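Colleague: sequence first, then the predicted structure, then my questions.
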Amino acid sequence: EYGKDIVVLDMGMQFPEEDMPGIDYIIPDSRYLQGKEKNIRGVILSHGHLDHIGAIPHLLPRLGWPTVYASRMTLALVKKRLEEAQLLKFFKSHEIKSPDEKISFDDIKVSFFASTHSIMDSLGTIIQTPVANIIHPGDWKYDLNPVQGEVTNFSSLSKWNQPSTPSILMAEAIGSTKEGHQISEQEIYNNIKQIIEDAPGRVIIATFSSMFERVAWIVKIAEEAGKKVALDGYSMKINIGLAKQLGYVKFEDNTLIDVKRINDYPDNKIVVICTGAQGEDRAVLMRIANGEYRTIQLKKTDTIIFSSSVIPGNERSIQRLKDNLYRKCDNVIHKEIMDVHGGGHGLIEDIKRLIKEVKPKYFIPVYANHYLLREAAKIAISIGFPAHNIFIPDNGSVIEVTRQGVRIANKKIPIEYVFVDGLGVGD
């Protein structure tokens with residue numbers, strides 16, 4: 001917020017915690033913006049994961065439908081969500097066709113840069129104001145050996161730290177307690193390729209439906225090995241259909257088959273890519289594990305791959321799911337025993353690298369539990385970043401930036417959980 005101009009970054013939802021039975025999800029408290037709707041110049045979305053776009057059907061109507069700025073894939077996912085809520089006709093959007101694009105909102109100007117995450121079309125944002133340049137990579141990681149695309153490099157962002165307008169790096173800190181570097185996608189590719197080629201029977205891979213690139217190269221590996229692929233799970237079919245429609249994933253039409261046809265082929269010629277790696281009750285993998293899925297009955301020769309991380313709060317469900325799968329199948333593979341998944345977030349050495357490449361004047365760790373923000377600050381200090389230029393906010397914190405410097409204000413804005421339970425919001 002600068003003067004009377006407001007730019008909103010992301011509109012995500014939070015998944016419920018274990019002590020929130022019956023709650024579908026949690027959305028941000030937007031009370032601070034009530035009465036300021038006319039000042040909102042735009043909503044900028046970093047990428048298409050639900051924790052960054054999931055609250056859009058709830059918040060955009062409350063805020064008077066400001067224009068949303070996002071990349072092509074992110075907008076496609078948002079439109080799908082609004083279509084399901086029967087709100088698409090009110091939606092105003094502007095597609096960011098290239099990271100080189102620039103937008104001007106009078107005193108606030110916005111530039112973009114390509115960011116690497118676990119979903120296509122992720123964008124970083126630079127918000128330029130007369131007093132500072134705020135660098136916001138969104139969710140980020142380094143991939144120094146990608147399966148396709150460019151090697152991650154953020155060093156060009158150092159130019160935004162200028163004497164008259166210093167730069168503020170506002171970076172998510174989810175990986176701040178994990179040693180080393182995030183694994184490259186090429187290593188995961190090599191491991192999954194080996195498993196698919198050597199599998200004695202069917203291969204069933206559970207992953208996130210938003211991992212378009214990974215699903216695309218799994219299909220390609222299967223195609224080259226002469227195997228058929230069945231996609232299963234509502235979000236998997238919808239998302240990959242969207243990606244194919246937009247030209248982001250390409251494969252032969254006859255490679256994909258309906259899951260009901262998998263028994264028409266030898267077991268060692270079948271790969272199933274499905275949802276449910278988080279142990280969700282009614283998702284495909286849990287139904288397979290429980291013997292409740294008519295089309296797929298597990299065999300000892302099947303190979304199950306969890307190509308996913310554990311979302312906090314889902315640990316017990318996933319442990320139960322693994323137990324059931326291990327009882328029925330001899331080949332269950334997950335990241336604890338083999339590198340078949342890499343997260344979308346930078347780890348300790350990546351955070352050091354980011355700070356060294358961007359060279360900001362100020363550092364604000366964000367997007368994580370408070371203890372992780374504190375750990376990110378320690379990482380910055382360990383490589384010589386001045387502690388007095390690090391600011392650790394809490395939910396509701398107001399960070400004030402003037403020509404004299406940066407500070408966390410004593411006042412906070414009202415922030416409470418807003419629960420969504422079916423059709424009820426905030427009841």
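Modeller: Right, received. Where do you want to start?

Colleague: for Gly396, grab the count of nearby residues.
Modeller: 13 (other Cβ atoms under 10 Å). In this view, the C-beta of every residue, glycine as well, is placed from N, C-alpha and C.

Colleague: so what's it up against?
Modeller: Lys412, Ile413, Pro414, Ile415 (Cβ atoms under 8 Å, 6 or more residues apart in numbering).

Colleague: dihedrals phi and psi, it?
Modeller: The phi/psi pair for Gly396 (degrees, to the nearest 10) reads phi 90, psi -10.

Colleague: how far away is it from Glu172?
Modeller: Distance check for Gly396 against Glu172: by Cβ to Cβ, to the nearest Å, it reads 18 Å.

Colleague: pLDDT score for Asp427?
Modeller: Asp427 carries a pLDDT value of 57.

Colleague: listing partners with orientation, what would you give for the helix or strand of the chain with the lowest mean pLDDT?
Modeller: Least confident helix or strand, the chain: strand 424-425 with a mean of 74, by mean pLDDT, DSSP states H and E. The pairing partners recorded for strand 424-425 under DSSP bridges are strand 418-421 (antiparallel).

Colleague: let me know the average pLDDT across the partner strand.
Modeller: Mean pLDDT, strand 418-421: 92.

Colleague: buried set for that strand?
Modeller: By neighbour count on 16 or more other Cβ atoms under 10 Å, the buried set for strand 418-421 is Val418, Phe419, Val420.

Colleague: how about stretch 155-167?
Modeller: Leu157, Trp160, Asn161, Thr165, Pro166, Ser167.

Colleague: between the contacts of Gly396, which is closest to Glu252?
Modeller: Closest approach between the contacts of Gly396 and Glu252, by Cβ to Cβ: Ile415, at 49.9 Å.

Colleague: tally up the residues packed near that closest one, please.
Modeller: Around Ile415 there are 14 residues (other Cβ under 10 Å).

Colleague: can you tell me which helices and strands the helix or strand His52 falls within packs against?
Modeller: For His52, the host element (DSSP states H and E) is helix 50-53. Counting contacts by 3 or more Cβ pairs under 8 Å, 6 or more residues apart in numbering; DSSP states H and E, helix 50-53 packs against helix 72-84.

Colleague: which elements pack onto the helix it packs on?
Modeller: Contact partners of helix 72-84 among helices and strands, from 3+ Cβ pairs under 8 Å, 6+ apart: helix 50-53, helix 56-62, strand 68-70, strand 93-95, helix 234-245.

Colleague: of those, which approaches Lys80 most closely?
Modeller: helix 234-245 (6.7 Å).

Colleague: follow-up on the earlier one: dump the buried residues of stretch 155-167 to JSON lines, plus secondary structure.
Modeller: Formatted as JSON lines, the buried residues of stretch 155-167 follow (DSSP: H, G, I helix; E, B strand; the rest coil):
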{"residue": "Leu157", "secondary structure": "helix"}
{"residue": "Trp160", "secondary structure": "helix"}
{"residue": "Asn161", "secondary structure": "coil"}
{"residue": "Thr165", "secondary structure": "coil"}
{"residue": "Pro166", "secondary structure": "coil"}
{"residue": "Ser167", "secondary structure": "strand"}
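
Colleague: ranges for the strands of the stretch 1-150 of the chain?
Modeller: 6-9, 25-27, 40-44, 68-70, 93-95, 102-105, 108-114, 123-128, 133-136 (DSSP state E, counting those that start in this stretch).

Colleague: which of those strands sits closest to Ile337?
Modeller: Here strand 25-27 is closest among the strands of the stretch 1-150 of the chain (Cβ to Cβ), at 31.6 Å.

Colleague: could you tell me the end-to-end distance of stretch 20-34?
Modeller: 27 Å (Cα to Cα, to the nearest Å).

Colleague: repeat for stretch 301-311
Modeller: Start-to-end, stretch 301-311 (Cα to Cα) is 29 Å.

Colleague: what's the answer for stretch 142-158, then?
Modeller: 17 Å.

Colleague: next, the buried residues of it.
Modeller: Tyr142, Asp143, Pro146, Val147, Thr152, Phe154, Leu157.

Colleague: quick check: the farthest pair among the residues you listed?
Modeller: Largest pairwise distance in the buried residues of stretch 142-158, by Cβ to Cβ, is 24.3 Å, between Val147 and Leu157.

Colleague: quick one: low-confidence ranges for the chain?
Modeller: Low-confidence segments of the chain (pLDDT under 70): 423, 427.

Colleague: center of it - which residue?
Modeller: His49 (4.3 Å; Cα atoms, centre = their mean).

Colleague: among the contacts of Gly396, which one sits closest to Lys299?
Modeller: Nearest member of the contacts of Gly396 to Lys299, counting by Cβ to Cβ, is Ile415, at 50.5 Å.

Colleague: please report the distance of the nearest residue to the closest one once chain neighbours are set aside from Glu416.
Modeller: Among residues not flanking Ile415 along the chain, Gly396 sits closest, at 3.8 Å (Cβ to Cβ, 6 or more residues apart in numbering). Going from Gly396 to Glu416 by Cβ to Cβ gives 9 Å.

Colleague: coming back round to it: can you put the buried residues of stretch 155-167 in TSV and add distance to Ile218?
Modeller: As requested, the buried residues of stretch 155-167 are exported to TSV (distance: Cβ to Cβ, whole Å):
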residue	distance to Ile218
Leu157	33
Trp160	38
Asn161	41
Thr165	45
Pro166	44
Ser167	39
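
Colleague: next, count neighbours for the nearest residue to Lys92 once chain neighbours are set aside.
Modeller: With Cβ to Cβ, 6+ apart as the criterion, Lys92 has its nearest non-adjacent residue at 4.6 Å, and that residue is Thr67. Other residues lying near Thr67 total 15 when counted by other Cβ under 10 Å.

Colleague: what's the spacing between Gln297 and Arg202?
Modeller: Taking Cβ to Cβ, one finds Gln297 at 11 Å from Arg202.

Colleague: so between those two, which is more surrounded?
Modeller: Arg202 (24 against 11).

Colleague: quick check on that one: phi, psi?
Modeller: phi -70, psi 150.

Colleague: likewise Glu17?
Modeller: phi -90, psi 170.

Colleague: surely it meets Gly313?
Modeller: Yes. Between Glu17 and Gly313 a contact is recorded at 5.5 Å, counting by Cβ atoms under 8 Å.
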